[in-house]
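S.K.: sequence and predicted structure, then a few things I'm wondering about:
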Amino acid sequence: MPEKLKALLEAYEELGKKLQDPAVYSDQKEYARLAKEYANQEELAKKAQAYLQALDDIQAAKELLHEETDPDTKALLQDEIANNEATLPGLEEEIKIMLIPGDPMDEKDTIVSIRGAAGGDEAAIFGGDLFKMYEHFAEINGWKIEVLSASPSEAGGFKTIEFKVTGDKVFSVMKYESGVHRVQRVPKTESQGRIQTSTATVSVLPEADEIDIQIDPSDLRIDTYCSSGPGGQGVNTTYSAVRITHLPTNTVVQSQDQRSQIQNREVCMEMLRARLYEKELERQQEEEGAKRLSQIGHGDRSEKIRTYNQPQDRVTDHRIGFNGTYNGVLTGDGLPDIIEALAAADRAQRLAKTV
């Protein structure tokens with residue numbers, strides 16, 4: 001461990017020197033990449049320095065203890081040794097976690113899609129509740145939400161809603177929400193007071209830019225049509241809505257909620273890049289013989305990941321058996337606790353594979 005940490009600190013210092021190089025500074029793209037890497041390594045470097053300093057202090061105190069004759073001074077040195085030795089296991093555990101290879105997509109913003117599944121109107125209402133939950137969760141984290149496309153339900157909520165979440169390391173957190181969400185409650189539309197089970201699927205994709213995914217314009221079929229949602233007098237008379245089909249993969253995206261055809265087209269291209277990026281990742285993982293997504297981690301969309309039980313005032317995440325309160329989680333306030341538990345389980349799983 002000490003030799004590895006010394007090498008790590010040397011690399012960190014070398015990275016700092018590169019940032020002071022005028023040639024690097026003149027290349028803003030390279031400078032930004034190195035600056036981000038330097039910032040990401042800062043906390044690990046601090047922990048490594050603290051670990052090595054504790055080892056040095058222990059060694060120095062032991063050498064003095066061997067030569068010291070005064071009882072009071074020897075007692076102080078022994079206390080110093082004990083205190084430093086007590087800090088080492090905790091520091092070592094923190095460093096091990098920091099050394100776990102990160103997901104390269106964690107830094108990305110996300111495109112989230114919620115679709116009402118089994119349960120008819122109640123599924124759409126539940127989809128709307130999930131969207132409100134994520135809205136408040138984004139507010140807690142200081143993130144921004146932008147609705148890209150929505151299909152409201154007459155009963156309330158959304159048949160489908162697609163939105164972008166931007167902020168600090170959004171995908172590293174939101175990826176745990178991908179999967180099937182199930183609710184058990186008495187619907188607002190139920191007059192007999194019977195409990196109904198409904199589901200909604202949540203898809204969380206890392207936002208892909210043009211560098212990640214190259215799209216040949218000749219592979220696209222672009223259709224325009226009249227918007228059908230709210231938007232003013234001209235909404236049904238102008239062809240502002242856009243549907244784009246990626247012909248090689250038959251991937252279809254559409255948007256009608258923006259003010260102009262140009263804006264709807266930009267939104268469609270964002271969604272298309274994200275979906276093609278996901279397909280490319282799936283292909284790569286299949287070639288490597290790996291499972292697409294781990295049980296703890298992203299949660300496949302065909303997998304039931306969480307149940308919201310209103311009568312029992314309980315929310316259960318089935319991947320880790322974590323329980324929270326119905327109102328606490330669905331309002332968004334209790335969601336951070338579940339996410340942190342999932343992230344901790346994910347870290348433990350990955351740490352076990354690296355040890």
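M.R.: Looks like it came in fine.
S.K.: show me the strands in the stretch 1-150 of the chain, by range?
M.R.: Taking DSSP state E, counting those that start in this stretch, the strands of the stretch 1-150 of the chain run over residues 110-116, 144-152.
S.K.: to Glu92, which of these lies closest?
M.R.: When the strands of the stretch 1-150 of the chain are compared by C-beta to C-beta, strand 110-116 sits nearest Glu92, at 33.2 Å. All C-beta atoms are positioned from the backbone trio N, CA, C, and that covers glycine.
S.K.: quick one: the helices in the stretch 201-350 of the chain?
M.R.: In the stretch 201-350 of the chain, the segments counted as helices under DSSP state H, counting those that start in this stretch are 261-287, 326-330, 335-354.
S.K.: picking that back up, what's the closest of the strands of the stretch 1-150 of the chain to Tyr326?
M.R.: Smallest distance to Tyr326 across these (C-beta to C-beta): 18.4 Å, for strand 110-116.
S.K.: pairing partners for the closest one, with directions?
M.R.: Strands adjacent to strand 110-116 in the sheet, as given by DSSP bridges, are strand 158-166 (antiparallel), strand 196-206 (antiparallel).
S.K.: columns distance to Ile125, mean pLDDT and mean neighbour count on top of the ones you listed, output as CSV?
M.R.: As requested, the strands paired with strand 110-116 are arranged in CSV below (distance: least, C-beta to C-beta, whole Å; pLDDT from 0 to 100; neighbours: other C-beta atoms under 10 Å):
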stretch, distance to Ile125, mean pLDDT, mean neighbour count
strand 158-166, 9, 91, 20
strand 196-206, 8, 89, 21
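S.K.: make JSON lines out of these and add distance to Ile213.
M.R.: Listed next are the strands paired with strand 110-116 as JSON lines, based on distance: least, C-beta to C-beta, whole Å:
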{"stretch": "strand 158-166", "distance to Ile213": "16"}
{"stretch": "strand 196-206", "distance to Ile213": "11"}
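S.K.: just name the most buried of the strands of the stretch 1-150 of the chain.
M.R.: Scoring the strands of the stretch 1-150 of the chain by mean neighbour count under mean count of other C-beta atoms under 10 Å gives strand 110-116 as the most buried, with a mean of 24.
S.K.: related to what we said a few turns ago, looking at the strands paired with strand 110-116, which is nearest to Ala60?
M.R.: Closest among the strands paired with strand 110-116, using C-beta to C-beta: strand 196-206, at 47.9 Å.
S.K.: thought Gly193 was touching Val186?
M.R.: Yes: assessed by C-beta atoms under 8 Å, Gly193 is found in contact with Val186 at 5.7 Å.
S.K.: which of the two has more residues huddled nearby?
M.R.: For the pair Gly193 and Val186, the greater number of neighbours falls to Val186 (15 against 7), based on other C-beta atoms under 10 Å.
S.K.: and the more buried one, how far is that from Asn327?
M.R.: Relative to Asn327, Val186 is positioned 15 Å away (C-beta to C-beta, to the nearest Å).
S.K.: and the residue nearest to Gly116 when sequence neighbours are not counted, what pLDDT?
M.R.: Take Gly116 and drop its neighbours on the chain: the residue closest to it by C-beta to C-beta, 6 or more residues apart in numbering is Ala123, 3.5 Å away. Looking at Ala123, its pLDDT is 91.
S.K.: how about Val186?
M.R.: pLDDT, Val186: 86.
S.K.: now it, what are its backbone angles?
M.R.: Backbone torsions for Val186, taken as degrees, to the nearest 10, come to phi -90, psi 110.
S.K.: what of Gly156?
M.R.: Taking degrees, to the nearest 10, you get phi 120, psi 160 for the backbone angles of Gly156.
S.K.: grab the nearest non-local neighbour of it.
M.R.: In this structure, Gly156 finds its nearest non-sequential neighbour in Ile125, 4.8 Å apart by C-beta to C-beta, 6+ apart.
S.K.: residues near that neighbour, how many?
M.R.: Residues near Ile125, counting by other C-beta under 10 Å, number 23.
S.K.: what's the distance between the residue lying farthest from the centre of the chain and Asp57?
M.R.: Residue farthest from the centre of the chain, counting by C-alpha atoms, centre = their mean, is Thr69 at 57.7 Å. To Asp57, Thr69 is 21 Å away according to C-beta to C-beta.
S.K.: and the lowest-mean-pLDDT helix or strand in the chain, what does it pack onto?
M.R.: Lowest by mean pLDDT, DSSP states H and E among the helices and strands of the chain is helix 261-287, with a mean of 79. Contacts defined by 3 or more C-beta pairs under 8 Å, 6 or more residues apart in numbering; DSSP states H and E place helix 261-287 against strand 110-116, strand 144-152, strand 196-206, strand 241-246, strand 251-255.
S.K.: what comes up buried for that helix?
M.R.: The neighbour-count check on helix 261-287 (16 or more other C-beta atoms under 10 Å) flags 261, 264-265, 267-278, 281 as buried.
S.K.: ok, Glu135 - how many residues close by?
M.R.: Neighbour count of Glu135, defined by other C-beta under 10 Å: 15.
S.K.: tell me the contacts of it?
M.R.: Going by C-beta atoms under 8 Å, 6 or more residues apart in numbering, Glu135 touches Ile145, Gly332.
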